[in-house]
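Colleague: With the sequence up front, the predicted model follows.
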Amino acid sequence: MSGHSKWAQIKHKKSKMDRERGRLFSKLIREITVAARMGGGDVEGNPRLRAAVQAAKAANMPQENIEKAIKRGTGELPGVNYEEAVYEGYGPSGVALMVEVTTDNKKRTVAEIRHLFERHGGHLGENGSVSWMFQNKGLIVLERNAVDEETLMMVALEAGAEDIRETGDTYEVITEPGDLEDVKKAFEENGIPYVQAELTKLPQTTVHVEGSDAEKLLKLLDALEEHEDVRKVYSNFEMDDALMEALAG
């Protein structure tokens, strides 16, 4: 598992959901709106919208909020015109970072993202400067005590998964983007619970980070992910689990 995936799980376990809910709802509403605008308001026929609605329901967002966000995306209700952008750069120790944003003001957002990079020992790069290091994949994460390895391998590989990795107390199932829904469905039909399932970008190479750079990097990731316009952040760092847990504390 990449360090970023591990860091996201640690943060999720330690986060205060009430404190985070307002910002989370704002990001989810933006994602639902953009997904509906790009692919239509049919949840079953629009995979991105379906994933966004599932995430919203998992966060206990009221159904009324979800329906309004979809209608804003399809034009049935007036709303803000959001645009998507991707910013690429480097963090401490030369860690590659890709930042996906949804914004109503690109000039403001890029200035704020640049400031966060520079404040935490990194810098923005040109388009294409780091994206070549990442591959589009589906990712499903399961707790190791939720399923035995033989069953997991049988179900996942038959459903189209391309790789299964053991990572500490979790399994990481990798798929091609188009196979993610099939593998998720196979797990659900076989009663195999998972804790995370999403389309992501996985690094082809990683950079090990330690010492003061580790702390700077995690502060940069936190600052980026807390920014209201940021949808997702991808990076290619590796870090010792003990150090990551200590910094999370």
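Modeller: The structure has been received and is ready for your questions.

Colleague: Now do the strands in the chain.
Modeller: Secondary structure of the chain (DSSP state E): strands at 83-90, 96-103, 123-124, 134-143, 163-167, 170-175, 196-203, 207-208, 230-235, 237-238.

Colleague: quick check: mean pLDDT across stretch 161-173?
Modeller: Stretch 161-173 carries an average pLDDT of 90.

Colleague: and that stretch, which residues are buried?
Modeller: Buried residues in stretch 161-173, counted by 16 or more other Cβ atoms under 10 Å: 161, 164, 170, 171, 172, 173. C-beta coordinates here come from the backbone N, C-alpha and C atoms, glycine included.

Colleague: Repeat that for stretch 72-82.
Modeller: 72, 73, 79, 82.

Colleague: The nearest residue to residue 146 once chain neighbours are set aside: how many residues sit nearby?
Modeller: Excluding its sequence neighbours, the residue lying closest to residue 146 (Cβ to Cβ, 6 or more residues apart in numbering) is residue 193, at 5.2 Å. Neighbour count for residue 193, taken as other Cβ atoms under 10 Å: 10.

Colleague: For the protein, give me the ranges with low pLDDT.
Modeller: Along the chain, the parts satisfying pLDDT under 70 run over 1-2, 9-21, 249.

Colleague: Next, the residues that contact the top helix by length along it from outside, please.
Modeller: Identified as the longest helix of the chain according to DSSP state H is helix 17-39. By Cβ atoms under 8 Å, 6 or more residues apart in numbering, the list of residues contacting helix 17-39 from outside reads 45-49, 51-53, 55-56, 59, 61, 65-66, 69-75, 79-80, 82, 84, 102, 226, 228, 230-231.

Colleague: Go again with 6 Å.
Modeller: 46, 48-49, 52, 55-56, 59, 61, 69-70, 72-74, 82, 102 (Cβ atoms under 6 Å, 6 or more residues apart in numbering).

Colleague: buried ones in it?
Modeller: 24-25, 27-37.

Colleague: Could you list the domains of the protein?
Modeller: 3-74, 83-132+205-248, 134-203 (automatic domain parsing).

Colleague: Could you check how far the residue sitting furthest away from the middle of the chain is from residue 195?
Modeller: The C-alpha centroid of the chain is most remote from residue 76, which lies 28.6 Å away (Cα atoms, centre = their mean). Applying Cβ to Cβ, to the nearest Å, the value for residue 76 to residue 195 is 34 Å.
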